[in-house]
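Q: Below: sequence and its predicted model.
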Amino acid sequence: MIFRQLFDQQSSTYTYLLADSATGDSVLIDPVFEQVRRDTALIDELGLRLLYTVDTHVHADHVTGAWMLKRRTGSQIAISATSGADGADRYLSDGDRCGFGARHLTVRATPGHTNGCVSLVLDDETMAFTGDCLLIRGTGRTDFQQGDPRAMFRAVHDRIFTLPDTCLLYPAHDYRGLSVTSVGEERRFNPRLGGELCEDDFAVYMTNLRLPHPRQIDIAVPANLKCGVAASDPTQIAEPGWAPLAYTFAGIWEINPQWLEENLDSVQIVDVREAAEFEGPLGRIPRARLIPLGELAQRTSEFAQERPIVTVCRAGGRSAQATVILRQAGFEAIANLAGGMLRWRAEGRVVENGSV
C-alpha cells in the first residue's frame, strides 16, 4: 500500500493519501482547497487514480479541496450522512466501507466535535484517521457546530480505544509538529480523557477551554456545507499560459523539451552549470546564457521581466533551485527543463558545441 501524510501550514491540516499499489486506486482524506495543485501533482507522479475524497467532518478552519479535486480528477466526494453538507456523491454511515483496489477504509461514527464527525479505520486495523475527534495528546473542541463533550468521550472510548493498542492514529490537525500517535499511547497518556479520567472529568475540562473563535469559520463552514464549491478555481486561473507546463509535487513548473526546442526565440534560457560544463561534451542549448547557480541571485537584473525564463543544468536539480531564486526575485514566468542536458541530448535535440 502507498501512504503519504501531507501538511497545510496555514491551517495546520493533515491530508492523507492512501493507494493500492497494485491497482493504483487511491483515496484522499481531508484535502485542503489551496493544496489541490500539490495533491494532484503527487497523484499524477505516482500514477494513481483518485476514486474518493473523504472529509472526516465539516471543517471550520479551512475549505475542503473535494469539489476542486472532483473537477480535476473525476473523483467522488464522500462525507458523513449526518454532516448536513450538500453536493456529495456519497453519504457515509457507520460501518460503510470506502474501497480502493483490494484495500478499504471502514467508517466509524465519532461525533462530539460535530454531529457528522467520522473516523476511518484501515481494513487490517493498523491505521486509523481520527479527524478532529482524537488528536495527539488532545481532542477536537466541542464548543460550536453541535459540539458535545460527552458524546466525544463515548466516541473515543467506544470507537477508537477499542482498536488494537498498536493501531497508529493520524489526526486531521496538529499544532506542535507532531505527526502520529497510537491507541495505546492515547489511552494511557491523553491528558483530557486517558488513564482513569471519567466522562464528567472530560466534560468539565472541555467546558473550560476558553478557546478563541476559529478565524476562518465564517468562510469555511458555508463553503464546506457545499463540499467546497467555489465561484472560480484559483489554481486554474493561475495556470501559466505561455507554454504547456507541468507542476511537480516539489512545487516546480517544468517545461516540455519539444516545445522549448520549437520556441527557442520566445524565451530566455539560462544555463546554471559551471563554465567548464557549459563548454563541455554535453554541449549547450542554442541561445542559452551561462550564469552559474552561485551567481544567479546577484545577476537577476540581466533578465527581461516580459519574457519567460527557462532554467537548465546537467540533470535538472540545480536548475530547479534556480527557478526558486528567480521567483524570489519577482519573476513569474519561469520553468525548469526537467532532466537537464542529459535528457535533452538523449532525445536528440539540437545543441551547440557538444561532442557526439
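A: Okay, I see it. Residues are numbered from 1 along each chain as shown.

Q: all contacts plus neighbour counts: C-alpha atoms, from now on.
A: Fine.

Q: Give the next helix or strand downstream of the helix or strand harbouring M68.
A: Secondary structure from DSSP states H and E places M68 in helix 66-73. Later in the chain than helix 66-73, the nearest helix or strand by DSSP H and E is strand 76-80.

Q: Using CSV, write down the CA coordinates of that next one.
A: C-alpha atoms of strand 76-80 as CSV (Å, rounded to 0.1, in the frame of the first residue of the first chain):
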residue,chain,number,x,y,z
GLN,A,76,-16.2,11.3,-6.0
ILE,A,77,-16.9,13.3,-2.9
ALA,A,78,-17.7,11.4,0.3
ILE,A,79,-18.8,12.8,3.7
SER,A,80,-20.9,11.7,6.6
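
Q: average pLDDT for the next helix or strand after it?
A: Counting by DSSP H and E, the next helix or strand C-terminal to strand 76-80 is strand 90-92. Per-residue pLDDT over strand 90-92 has a mean of 98.

Q: Only the buried residues of strand 90-92, if you could.
A: Residues of strand 90-92 classed as buried by neighbour count (16 or more other Cα atoms under 10 Å): Y91, L92.

Q: number of nearby residues for I255?
A: 20 (other Cα atoms under 10 Å).

Q: what about the strands in the stretch 101-250 of the chain?
A: 103-109, 118-122, 127-131, 134-135, 138-139, 168-171, 181-182, 245-247 (DSSP state E, counting those that start in this stretch).

Q: Okay, now the unreliable bits of the stretch 101-250 of the chain?
A: 231-238 (pLDDT under 70).

Q: any idea how far the residue nearest the centre of the chain is from V27?
A: Centroid check for the chain by Cα atoms, centre = their mean gives D39 as the closest residue, at 4.4 Å. Here D39 is placed at a distance of 11 Å from V27 (Cα to Cα, to the nearest Å).

Q: got it, and P222?
A: 24 Å.

Q: Out of the two, name the residue with the larger neighbour count.
A: Neighbour totals were compared for P222 and V27, and V27 leads with 23 against 17 (other Cα under 10 Å).

Q: coming back round to it: closest to D200 out of the strands of the stretch 101-250 of the chain?
A: Nearest to D200 among these is strand 138-139; the distance by Cα to Cα comes to 15.5 Å.

Q: Buried ones in the helix or strand where D39 lies, by neighbour count?
A: Element membership of D39 [criterion: DSSP H and E] is helix 36-45. Residues of helix 36-45 classed as buried by neighbour count (16+ other Cα under 10 Å): V36, R37, R38, D39, T40, A41, L42, I43.

Q: helices or strands next to it in the packing?
A: helix 66-73 (3 or more Cα pairs under 8 Å, 6 or more residues apart in numbering; DSSP states H and E).
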